[in-house]
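>>> sequence first, then the predicted structure:
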Amino acid sequence: MKIERCIKYVLFVFTTLVFLQESLRAAPNVVMIIADDQTWTDAGCYGNQIVKTPNIDLLASEGLRFDRAFTATAMCAPTRQQLYTGIFPVRNGAFPNHSKVKSGTKSLVHYYQEAGYSVGLCGKRHFGPPESFPFETVPPAKLQAFIGQDSPFFLVYASNSPHLPWNEGDAASYGPQSFKIPPYMYDNAETRAALQNYYAEITDFDRELGELDKIIADAGKKQDTIFLYTSEQGAQFPFGKWTCYEVGLHVGFVMRWPGVIEAGRTTDAMVQYVDVLPTLLELCEIDCPTGLDGSSFAQVVLGEKETHNDLVYGVHTTRGIINGSQSYPIRSIRDTRYKYIRNLNHQTDFSNVLIKGDGSSYWKSWLRDASTDDKAKRLVERYIKRPAVELYDLLHDPFEQHNLAGKPGYRKITRQLDGHLRKWMHQQGDLGHETEMTVKPHRTMQ
């Protein structure tokens with residue numbers, strides 16, 4: 001009996017100490033580093049054997065890698081504003097590129113400042129109006145002081161890499177003949193040269209991530225900081241940025257919190273950028289406001305749950321983007337296996353700055369080679385002229401090369417996904433073409 005009492009006492013003391021330790025844990029800091037136009041597969045930890053990303057890979061080995069994370073738009077301003085507000089693009093107002101959220105919309109800055117955090121931004125902004133995103137501006141030279149402060153902080157480090165022009169990093173360290181060209185790209189010398197410069201800039205972004213992580217470690221803040229990396233959206237290649245295809249909407253996403261998030265884990269849970277804010281608020285024990293579109297996946301982060309969303313959504317408009325079509329609204333939905341896309345004005349040609357002059361030579365080379373090469377011709381035509389409906393089996397066709405819409409055996413899943421998509425659009429106040437026509441012609445954001 002004495003032994004049993006001793007064991008019970010030891011367990012009581014241990015439990016009490018654990019409880020006290022958790023109670024005394026300081027409010028965690030949050031650091032979010034965002035790439036700019038990085039295709040999610042273009043990192044070593046996501047299987048790319050060519051691009052050099054040692055710091056991203058190390059982060060993934062120390063934390064949790066999400067293999068099914070998504071943005072609802074593959075354009076910079078809408079992507080960042082849904083990430084910061086937890087509200088989908090049409091409902092928050094920022095669904096064209098170079099757009100702003102509706103007046104009065106709150107962001108993570110408000111919620112964390114109200115909880116006593118210093119909230120800073122280093123790097124790219126691309127949002128508005130200012131009162132919706134009242135970040136403290138943190139120049140690179142002030143990063144150490146901001147991270148070293150005594151009060152809890154939330155830092156967004158928004159890199160400009162690997163956005164065009166691809167002129168950062170050491171392109172000579174990459175041999176273009178070693179590249180494996182994905183099936184959504186046309187393989188020629190110009191495409192390989194573009195990838196060479198793009199990969200070099202990813203490696204330069206990886207350097208930024210490593211330097212930021214070192215500042216955190218040198219300040220003694222690594223254990224108390226939730227460190228989050230994400231790739232933003234697909235790169236400026238056809239079928240990536242400015243589309244609702246997987247290469248555009250699927251994102252790289254890694255979270256680390258030593259002692260809380262188990263190191264080296266991966267998850268297939270489907271999460272969206274609108275889910276990030278409620279998740280971080282819950283992890284930081286801050287009340288989440290009502291009215292957000294996202295929901296917390298904190299239980300996934302903590303290893304208590306393996307799934308999150310059953311469906312994720314996509315939105316794109318070419319009206320309001322540089323050299324965009326007058327109207328080409330695209331909406332998409334996917335479950336764990338199938339992707340469904342509606343091109344709401346498919347009778348017209350799809351257009352954007354990539355087609356009409358982005359400073360790269362590879363698209364012009366695709367047009368040149370399309371006159372003699374069937375694959376180049378097929379890719380060019382498929383990018384510009386699209387059917388009303390597209391359906392892809394992502395399990396067997398991850399790069400969405402074979403449209404199954406209208407084929408026998410796929411009508412049921414098509415109807416189901418179409419019904420879910422229409423219901424979501426209605427909830428968002430999204431009228432498709434009519435909503436797109438409310439957008440003003442492109443103008444450059446300040």
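Sure thing, it's come through.

>>> low pLDDT regions in the protein?
Counting by pLDDT under 70, the chain contains low-confidence ranges at 1-25, 357-360, 441-446.

>>> what are the boundaries of the strands in it?
Under the criterion DSSP state E, the chain contains strands at 29-34, 64-70, 118-123, 136-137, 153-158, 225-230, 250-256, 265-267, 271-272, 312-316, 330-334, 338-343, 389-393.

>>> what lies in contact with stretch 364-382?
By C-beta atoms under 8 Å, 6 or more residues apart in numbering, the surrounding residues in contact with stretch 364-382 are Tyr184, Met185, Tyr186, Asn188, Ala189, Glu190, Thr191, Pro238. The way it works is simple: take the backbone N, C-alpha and C, and place the C-beta from them, glycine included.

>>> among those residues, which ones are in helices?
Of the positions in the contacts of stretch 364-382, Ala189, Glu190, Thr191 sit in helices, assigned by DSSP state H.

>>> now list the buried members of the contacts of stretch 364-382.
Tyr184, Met185, Tyr186, Asn188, Glu190, Thr191, Pro238 (16 or more other C-beta atoms under 10 Å).

>>> residue contacts, Gly291?
By C-beta under 8 Å, 6+ apart, the neighbours of Gly291 are Ile87.

>>> ok, now with 7 Å
Neighbour list for Gly291: empty [criterion: C-beta atoms under 7 Å, 6 or more residues apart in numbering].

>>> ok, it to Phe253 distance?
Distance, Gly291 to Phe253, using C-beta to C-beta, to the nearest Å: 24 Å.

>>> ditto for Asp170
Counting by C-beta to C-beta, the separation of Asp170 from Phe253 is 27 Å.

>>> re the thing from before, distance to Lys385 added to the buried ones among the contacts of stretch 364-382, as TSV?
Converted to TSV, the buried ones among the contacts of stretch 364-382 look like this (distance: C-beta to C-beta, whole Å):
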residue	distance to Lys385
Tyr184	16
Met185	18
Tyr186	16
Asn188	22
Glu190	22
Thr191	21
Pro238	13
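
>>> among those residues, which two are most distant?
Tyr184 and Glu190 (15.7 Å; C-beta to C-beta).

>>> give me the neighbour count for Lys412.
8 (other C-beta atoms under 10 Å).

>>> check Ile341 too.
Neighbour number of Ile341 under other C-beta under 10 Å is 26.

>>> so what sits opposite it in the bridge?
When bridges are taken as DSSP bridges, the partners of Ile341 come out as Ser332, Glu390.

>>> do you know how far it is from Leu421?
For Ile341 relative to Leu421 (C-beta to C-beta), the value is 9 Å.

>>> returning to what we had before: ok, the ones in helices among the contacts of stretch 364-382 vs Ser103, which is closest?
Using C-beta to C-beta, the ones in helices among the contacts of stretch 364-382 come closest to Ser103 at Thr191, 43.3 Å.

>>> list the contacts of that closest one.
Residues near Thr191 by C-beta under 7 Å, 6+ apart: Ile181, Met185, Tyr362.

>>> quick one: contacts for the closest residue to Ser173 other than its chain neighbours?
Setting aside the residues directly before and after it, Ser173 is nearest to Ala200 in space (C-beta to C-beta, 6 or more residues apart in numbering), at 6.8 Å. Taking C-beta under 7 Å, 6+ apart as the contact definition, Ala200 lies against Trp166, Gly169, Asp170, Ala171, Ser173, Tyr174.

>>> repeat that for Asp430.
Val90.

>>> now the one 4 residues further on
For Glu434, no residue meets the contact criterion (C-beta under 7 Å, 6+ apart).

>>> got it, and Val312?
Contacts of Val312 by C-beta under 7 Å, 6+ apart are Phe70, Met270, Gln272, Arg334.

>>> quick one: it from Asp224, how far?
As judged by C-beta to C-beta, Val312 and Asp224 stand 31 Å apart.

>>> buried residues in stretch 264-271?
Using 16+ other C-beta under 10 Å as the test for burial, stretch 264-271 gives Thr267, Ala269, Met270, Val271.

>>> if we can go back for a sec, ok, so of the contacts of stretch 364-382, who is nearest Gly44?
Using C-beta to C-beta, Met185 comes nearest to Gly44 of the contacts of stretch 364-382, at 19.8 Å.

>>> is it correct that Leu64 is in contact with Ala269?
No - counting by C-beta atoms under 7 Å, Leu64 does not reach Ala269; the two are 9.9 Å apart.

>>> okay, the residue nearest to Ser173 and Lys52: tell me how far apart.
9 Å.

>>> swap in Arg337?
32 Å.

>>> who has more neighbours, those two?
Neighbour count, other C-beta under 10 Å: between Arg337 and Lys52, Lys52 has more, with 20 against 11.

>>> leaving aside the residues next to it on the chain, what's closest to that one?
Lys52's closest residue in space is Thr203 (C-beta to C-beta, 6+ apart), at 4.8 Å.

>>> for that neighbour, list the residues it contacts.
Contacts of Thr203 (C-beta under 7 Å, 6+ apart): Val51, Lys52, Thr53, Gly169.

>>> pull the most distant pair out of these.
Spatially, the most separated pair among the contacts of Thr203 is Thr53 and Gly169, at 11.5 Å (C-beta to C-beta).

>>> which one's more surrounded, these two?
A count of neighbours by other C-beta under 10 Å puts Thr53 above the other of Thr53 and Gly169, at 26 against 22.

>>> that one and Arg125: what is the separation?
Noted for Thr53: a distance of 25 Å to Arg125, by C-beta to C-beta.
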